[in-house]
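Asks: Generate coordinates for the sequence data below:
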Amino acid sequence: MLLKFAIVFLLLALIASLGAGFYFLMVDQGNPEKRRLVNSLGLRIALACTLMVLIVYGVGSGQLKSNAPWERHAGAAATGSENTDDESTTSEQP
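Replies: Residues are numbered from 1 along each chain as shown. Predicted structure coming up:
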């Protein structure tokens with residue numbers, strides 16, 4: 001659950017950084033002495049990389065799972081509707 005909160009926090013921070021970058025772009029009007037827009041872009045890139053790493057970690061560790069309907073059906077079709085009990089798959093020998 002902590003991973004999901006971290007992902008939501010990073011998404012909100014990305015949106016805030018995007019808004020700050022837009023504000024700096026409008027206020028500074030291309031002033032070469034002010035590097036606030038470049039710093040905002042650097043922060044946004046760092047946040048996006050961190051977000052991607054967290055998502056890859058979450059999927060790899062099994063903490064994040066997809067609930068897409070096509071993935072559930074594909075998994076059921078791949079395994080089939082066979083009974084996976086050991087008793088039903090083994091044949092009895094006299």
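Asks: OK, contacts around the one residue sitting closest to the centre of the chain?
Replies: Most central in the chain under Cα atoms, centre = their mean is residue 55, positioned 3.5 Å from the mean C-alpha point. Residue 55 is in contact with 7, 64, counting by Cβ atoms under 8 Å, 6 or more residues apart in numbering. For every residue, glycine as well, the C-beta is placed using N, CA and C.
Asks: do residue 3 as well
Replies: 54, 57-58, 63-64.
Asks: That one and residue 51, how far apart?
Replies: 11 Å (Cβ to Cβ, to the nearest Å).
Asks: before we move on, what about residue 72?
Replies: Look at residue 72 and residue 51: by Cβ to Cβ, they are 26 Å apart.
Asks: Comparing the two, which residue is more hemmed in?
Replies: residue 51 (17 against 11; other Cβ atoms under 10 Å).
Asks: quick one: secondary structure of that one?
Replies: helix (DSSP: H, G, I helix; E, B strand; the rest coil).
Asks: Double-check it against residue 11; I have them as touching.
Replies: Yes. Residue 51 lies in contact with residue 11 (Cβ atoms under 8 Å); the separation is 7.0 Å.
Asks: pLDDT wise, what is the nearest residue to residue 50 once chain neighbours are set aside at?
Replies: When the adjacent residues along the chain are set aside, residue 50 lies closest to residue 10, with 6.1 Å between them (Cβ to Cβ, 6 or more residues apart in numbering). At residue 10, the pLDDT value in this model is 96.
Asks: Where does residue 10 sit, in terms of helix or strand?
Replies: Using DSSP states H and E, residue 10 sits within helix 2-28.
Asks: How far off centre is that helix?
Replies: In this view, helix 2-28 has its centroid 16 Å away from the chain centroid, taken as Cα atoms, centre = their mean, to the nearest Å.
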